[in-house]
Structure formats: C-alpha cells, structure tokens
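> got a structure for you, letters missing:
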C-alpha cells in the first residue's frame, strides 16, 4: 500500500463513533458536551449537556430494542 492510498482511505473513511452518533440522532448533543468541556476545562460543569446526551443515547437504545421485538 502506498502513502497516497492510505491518504485516500483516511479521507474517505468516516469515524465509526461519529457514524453511530449520527444514526442515533445524538451527534449534536455529543458536540455540545465536547464544546462545554473545551470551554470550561471541567466536565463536572457540563452535567446538563452530559445528561442530555445520555438521555438521547438511552432513548435510542430503547427504540432499537423495541424495534427488534
């Protein structure tokens, strides 16, 4: 594999975590958590954002489980 091929792969590959968060509908809340932590430099000050993100993920999990049944 050449360096150019690796660069092409890196550009075309999407982050699997970001992809999962897009599918769940929680990507923007994830960004809000990251932005809050970057701004405050203390995740403990971001509990509202963390809880909103957690609730979104839990809701997505419940919806996914109920659709399997």
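Arrived safely. Not measured: the values here are computed from a predicted model. Residues are numbered from 1 along each chain as shown.
> now do whichever helix or strand residue 22 is part of: everything it contacts.
Applying DSSP states H and E as the criterion places residue 22 in helix 16-24. Identification of contacts with helix 16-24 by Cβ atoms under 8 Å, 6 or more residues apart in numbering yields 27, 30, 56, 57, 60. In short, each C-beta sits where N, CA and C put it, glycine included.
> let's go with 10 Å and repeat that
Residues from elsewhere that reach helix 16-24 (Cβ atoms under 10 Å, 6 or more residues apart in numbering): 13-15, 26-31, 53, 56-57, 59-61, 63-64.
> average model confidence for that helix?
For helix 16-24, mean pLDDT is 94.
> now that helix, how far from the centre of its chain.
Relative to its chain's centre, helix 16-24 lies at 6 Å (Cα atoms, centre = their mean, to the nearest Å).
> mind listing what's buried along that helix?
Going by neighbour count (16 or more other Cβ atoms under 10 Å), the buried part of helix 16-24 is 21, 24.
> the spatially most central residue of the chain and residue 45, how far apart?
Nearest to the mean C-alpha position of the chain, by Cα atoms, centre = their mean, lies residue 21 at 4.0 Å. Distance of residue 21 to residue 45, computed by Cβ to Cβ, to the nearest Å: 22 Å.
> next: residue 36.
7 Å.
> and the angle from the biggest helix by length in the chain to helix 16-24?
In terms of residue count, the longest helix belonging to the chain (DSSP state H) is helix 47-68. Here the directions of helix 47-68 and helix 16-24 differ by 70 degrees (axes from the mean of the first three to the mean of the last three Cα atoms, to 10 degrees).
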